[in-house]
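Q: sequence unknown, structure follows:
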């Protein structure tokens, strides 16, 4: 089992460009030994018989050399007895912070701050593969931290499972990319406060009541929703767990992805059915679902809601810069105006957005929280999210070359008229 876990996640790291072919290493601890990646072997094609085993007594089994970083793994496990997985990577977005000797701003996103605030520190530089590197790393991963950013090297993450380590890596990669994108547009990062972190913690507590077992209905709808959730991930619009995609069906039943579930392994039958405001089956709905539910309650014409943290659109949600859509005709025609709202408590957000979504407003940025897209059908709603992110990417990546030029008023009025939204309607 441990060997399969390592092979699965090291290939996933490589396929998602979160490490290089030779960079990084993983280990999983069992009762009597530690299983670890070998040295100087293609990380994109590791097989289970490539994985090395180091017994607690010191004997080594396997056909390769153990990674040169194994002394760090061993030292971290000795300092963190209740942890069973370690991930070391050279993720490019995080390497920038490693070389600059600065920590990424985990408080750019409420969910990342909730998980990592106060649990990440810089480890002083030491030569790779040395006892000094192990010593410097365990000074940070000393039982209270989860992540050590190594100066001029990379990072180590320790957690209960490799799934937890990987989830943290994706979230760190995300906030690093958001911060970098903010700098490209000349923005100032805006972080959540301690009060907002506490409020987020309270709001993610799901107080929905569980009802009867899921009857397995809506099979075609489940299949489509599961496919689109996977596509959000494969297109880089979400991490493996942060997107929430819900669909209001007949009789006000709602389908939504389950909480804390990696979308790459999601099956149609895993989707949670909400009936009479109660969830059916064992799996709880995604932590964002109650926010979705408040949107449905106040907007009869909406059948789909997506909340996610795409790295380009969120550069506007986590900074002092406004996302102006009047630069690309398709984006303005699809999304109209994208406004930004301050992150507040769930009840305050419900009141703030009551009646907000109309023909002129289908997308909103919640500062330090998510990009929210609504629509009448999953494909239309998904497309809006994709257009929002691809447009933000186009603007941000070109910004260092030249600032975007807004479409003139005549062009705007033609789009408004063609889309049936002329004259422009204003939100309250």
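A: Cool, got the structure. All of these numbers come straight from a predicted model, not from anything done at the bench.

Q: need the contact list for the residue nearest the centre of the chain.
A: Among the residues of the chain, the one closest to the centroid is residue 239, at 3.2 Å (C-alpha atoms, centre = their mean). By C-beta atoms under 8 Å, 6 or more residues apart in numbering, the contact list for residue 239 reads 167, 170, 171, 174, 233, 309. (Each C-beta comes from the backbone N, C-alpha and C, glycine too.)

Q: run through the chain and note the low-pLDDT ranges.
A: By pLDDT under 70, the low-scoring segments of the chain are 206, 422-428.

Q: domain map for it?
A: Structural domains annotated on the chain: 2-180, 194-418, as defined by automatic domain parsing.

Q: figure out which of the ones you listed is closest to residue 187.
A: Across the domains of the chain, residue 187 has its closest neighbour in domain 194-418 (3.5 Å, C-beta to C-beta).

Q: quick check: end-to-end length of that closest one?
A: End-to-end distance for domain 194-418: 46 Å, by C-alpha to C-alpha, to the nearest Å.

Q: for stretch 332-346, same thing?
A: Stretch 332-346 has its terminal residues 29 Å apart, counting by C-alpha to C-alpha.

Q: quick revisit: a markdown table please, covering the domains of the chain and showing distance to residue 186.
A: Below are those laid out as a markdown table (distance: least, C-beta to C-beta, whole Å):
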| stretch | distance to residue 186 |
| --- | --- |
| domain 2-180 | 13 |
| domain 194-418 | 8 |
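
Q: identify all contacting residues around the host helix or strand of residue 5.
A: Take DSSP states H and E as the rule and residue 5 turns out to sit in helix 2-15. Identification of contacts with helix 2-15 by C-beta under 8 Å, 6+ apart yields 19-21, 24, 26-28, 30, 35-37, 43-51, 87, 89, 162-163, 165-166, 169, 264.

Q: rerun that using 6 Å as the cut-off
A: Outside helix 2-15, the residues that touch it by C-beta atoms under 6 Å, 6 or more residues apart in numbering are 19, 26, 28, 30, 35, 37, 43-44, 46, 48, 51, 162, 166.

Q: now, of these, which are buried?
A: With burial judged by 16 or more other C-beta atoms under 10 Å, the buried subset of the contacts of helix 2-15 is 19, 26, 28, 35, 37, 43, 46, 51, 162, 166.

Q: and for the nearest residue to the third one once chain neighbours are set aside, the neighbour number?
A: Going back to what we said before, that points to residue 28. Nearest non-adjacent residue to residue 28, counting by C-beta to C-beta, 6 or more residues apart in numbering: residue 2, 4.3 Å away. When counting by other C-beta atoms under 10 Å, one arrives at 20 neighbours for residue 2.

Q: residue 360 versus residue 2, what's the distance?
A: Look at residue 2 and residue 360: by C-beta to C-beta, to the nearest Å, they are 54 Å apart.

Q: how about the strands in the stretch 51-200 of the chain?
A: Here the stretch 51-200 of the chain has its strands, by DSSP state E, counting those that start in this stretch, at 52-55, 60-61, 85-89, 120-123, 147-150, 154-159.

Q: pick the most buried one from these.
A: Neighbour counts (mean count of other C-beta atoms under 10 Å) averaged over each of the strands of the stretch 51-200 of the chain peak at strand 85-89, with a mean of 26.

Q: give me the helices and strands touching that one, please.
A: strand 25-29, strand 154-159, helix 162-184 (3 or more C-beta pairs under 6 Å, 6 or more residues apart in numbering; DSSP states H and E).

Q: angle of it against strand 154-159?
A: Here the directions of strand 85-89 and strand 154-159 differ by 160 degrees (axes from the mean of the first three to the mean of the last three C-alpha atoms, to 10 degrees).
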